[in-house]
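In: Structure, please.
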Amino acid sequence: MKLTGKKVLITGSAKGLGRRTAIELAKHGCNLMLHYYTSKQEAEELKQELQQYGVEVRLAQGNLTSPEGVNELGLEVNEWDGGVDILINNAGPFIRERKLFQQYEPELITSLIQGNLVSAMLLDHHVLPYMRRMRWGRIIHFGFGHANEARAWPQRAVYAAAKTALVSFTKSLAVEEAPYGITVNMIGPGDIKGHYKEKSIDDVQHDYDEEQLGRPGTGEDVARVIAFLCEEKSSFLTGNIIDVTGGFDPIRANINQK
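Out: The predicted structure follows:
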């Protein structure tokens, strides 16, 4: 895999799936900008861990639920020798409390749409000029399993609306940027629980999760797919929505009308 020296921005990379993705790409020689909002200590600890791979690691703090925060991050990206080769839009607020749409405060609706849809679009807008000049780039969005089907997800209405809109944007941008050697894809993780988001596949070989029809999913499962999409030879793979779910349907399992 020829990724050595590629510059990568991963949003929300201090913990969870973003952290595991950073580890995977560092192993392949990528230089990294780790974005975080409140998890400064975790980001600093990850920076120290990744430097053992001999890569450059930068930290960037920002609130991506506001356009101003996205713009500040975009400016930091542009100051890194002009831009990044790979953008992984992992960050996105998710409200675990289940409630009907009518129960949401207007401010929360706006925040969820901004954090899960608009922030990704704006960051893409920031990085595209550099990628176009380089005639090469990789953009990866995060959705959820089965987002491509745009089914109803009661009690997750705003989050689901933002991510399914991002599906359409992913496909549209992929077509527009293909002539410039830029691919755009989406990863749809399944229900990878808590600490499993940072685990390796080897860690869970002897675990069993009946919802996943086998072993539990891990952060490495997602990170390996991302690394594959970033490869030089993956240039034919664009506009795809790739579920990494272990056969699990997160929408059906979480519908609860009580």
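In: and residue 129, how many neighbours?
Out: The local packing count at residue 129 equals 12, with neighbours defined by other Cβ atoms under 10 Å. For glycine as for every other residue, the C-beta is placed from the backbone atoms N, C-alpha and C.
In: what separates it from residue 117, distance-wise?
Out: From residue 129 across to residue 117, the span is 21 Å (Cβ to Cβ, to the nearest Å).
In: what residue ranges in the chain score low on pLDDT?
Out: 1, 210-213, 250-258 (pLDDT under 70).
In: Could you tell me which strand of it is the longest one?
Out: Scanning the chain for the strand with the most residues, using DSSP state E, yields strand 182-189.
In: For the helix or strand where residue 229 lies, give me every contacting residue.
Out: Counting by DSSP states H and E, the element that carries residue 229 is helix 219-230. Helix 219-230 is touched from outside by 1, 3, 6, 16-17, 19-21, 23-25, 28, 86, 88, 138, 140, 183, 185, 187, 189, 192, 196-201, 234, 237, 242, 244, 246, with contacts defined as Cβ atoms under 8 Å, 6 or more residues apart in numbering.
In: can you check stretch 141-154 too?
Out: Taking contacts as Cβ under 8 Å, 6+ apart, the residues outside stretch 141-154 that touch it are 17, 88-90, 92, 100, 120, 159-160, 163-164, 166-167, 169-170, 184-191, 241, 243-245, 248-251, 254-257.
In: ditto for stretch 173-187
Out: Counting by Cβ under 8 Å, 6+ apart, stretch 173-187 makes contact with 124, 128, 131-132, 134-143, 147-148, 166-167, 170, 222, 225-226, 229, 234-235, 237-242, 244, all of which sit outside it.
In: Among those, which lie within helices?
Out: Secondary structure of the contacts of stretch 173-187 is defined by DSSP state H; positions in helices are 124, 128, 131, 132, 134, 166, 167, 170, 222, 225, 226, 229.
In: mind listing the strands for the stretch 1-150 of the chain?
Out: Assigned by DSSP state E, counting those that start in this stretch, the strands in the stretch 1-150 of the chain fall at 7-10, 31-36, 57-61, 86-89, 137-142.
In: The last one pairs with which strands?
Out: By that I understand strand 137-142. Using DSSP bridges, the strands paired with strand 137-142 in its sheet are strand 86-89 (parallel), strand 182-189 (parallel).
In: The longest one vs helix 219-230, what angle?
Out: Put plainly, it is strand 182-189. Taking axes from the mean of the first three to the mean of the last three Cα atoms, to 10 degrees, one finds strand 182-189 and helix 219-230 inclined to each other by 160 degrees.
In: if we can go back for a sec, buried residues, the helix holding residue 229. List them.
Out: For helix 219-230, the neighbour count (16 or more other Cβ atoms under 10 Å) marks 219, 220, 221, 222, 223, 224, 225, 226, 227, 229, 230 as buried.
In: And the residues you listed, which is closest to residue 36?
Out: The shortest distance between residue 36 and any of the buried residues of helix 219-230, using Cβ to Cβ, involves residue 219 and amounts to 16.3 Å.
In: next one: the helix holding residue 229 to chain centre, how far?
Out: Relative to the centre of its chain, helix 219-230 is centred 11 Å away, using Cα atoms, centre = their mean, to the nearest Å.
In: ok, now stretch 226-246?
Out: Centre-to-centre, stretch 226-246 and its host chain are 13 Å apart (Cα atoms, centre = their mean).
In: and that stretch, which residues are buried?
Out: For stretch 226-246, the buried set under the neighbour-count rule, 16+ other Cβ under 10 Å, comprises 226, 227, 229, 230, 238, 239, 241, 242, 243, 244, 245, 246.
In: Could you save those as a markdown table and add columns showing distance to residue 110?
Out: Written out in a markdown table, the entries for these read as follows (distance: Cβ to Cβ, whole Å):
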| residue | distance to residue 110 |
| --- | --- |
| 226 | 29 |
| 227 | 34 |
| 229 | 31 |
| 230 | 32 |
| 238 | 31 |
| 239 | 28 |
| 241 | 25 |
| 242 | 29 |
| 243 | 28 |
| 244 | 29 |
| 245 | 29 |
| 246 | 33 |
